[in-house]
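S.K.: Would you be able to build a 3D model of this:
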Amino acid sequence: MKTFSLLVVVATAVVVAYPVATSAQGSGYPIGDPMNEPHVQELGAWAVAEHVKQAHDGLKFSKVVSGDEQSDAGVKYHLVIEALNISGKQGKYEAILVEEVRSNTRTLISFGPAK
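M.R.: Next up is the predicted model:
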């Protein structure tokens with residue numbers, strides 16, 4: 001009977017703790033109107049420039065059309081960016097980057113075609 005009671009307590013703890021733990025890893029808060037946020041547009045342009053440094057594919061930044069941000073040690077941004085490829089065709093791309101204000105650094109985590 002003690003084993004069964006212990007199993008019920010552990011199962012209950014997992015059921016209660018799992019949603020809390022996974023919600024902390026969520027997508028963050030939506031950026032209200034990214035097209036009217038100069039800092040968000042600057043981050044999008046920076047992300048495209050960093051991508052081009054690595055990929056040498058000639059993308060040209062147009063604008064950030066949506067995104068969200070999540071604060072932790074720095075601010076993690078998930079941005080949807082419109083950019084022109086080398087042939088002039090507009091496409092949407094997703095960028096994930098972290099900005100650490102204290103150390104004045106930015107890190108591009110990932111960049112690729114939007115899903």
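S.K.: low-confidence ranges in this protein?
M.R.: Scanning the chain for pLDDT under 70 picks out 1-27.
S.K.: Enumerate the beta-bridge partners assigned to the residue nearest the centre of it.
M.R.: Centroid-nearest residue in the chain, with CA atoms, centre = their mean: His78, separated by 2.3 Å. Legend: beta-bridge partners of His78 under DSSP bridges are Asp68, Ile96.
S.K.: Contact partners for it?
M.R.: 27-28, 67-70, 94-96 (CB atoms under 8 Å, 6 or more residues apart in numbering). No exception for glycine: its C-beta is placed from N, CA and C like everyone else's.
S.K.: What of Gln41?
M.R.: With contact taken as CB under 8 Å, 6+ apart, Gln41 is in contact with 34-35, 63-64.
S.K.: I'd like those residues laid out as a markdown table, including neighbour count, distance to Gln41 and secondary structure.
M.R.: What follows is the contacts of Gln41, written out as a markdown table (neighbours: other CB atoms under 10 Å; distance: CB to CB, whole Å; DSSP: H, G, I helix; E, B strand; the rest coil):
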| residue | neighbour count | distance to Gln41 | secondary structure |
| --- | --- | --- | --- |
| Pro34 | 23 | 7 | helix |
| Met35 | 11 | 7 | helix |
| Lys63 | 14 | 6 | strand |
| Val64 | 24 | 6 | strand |
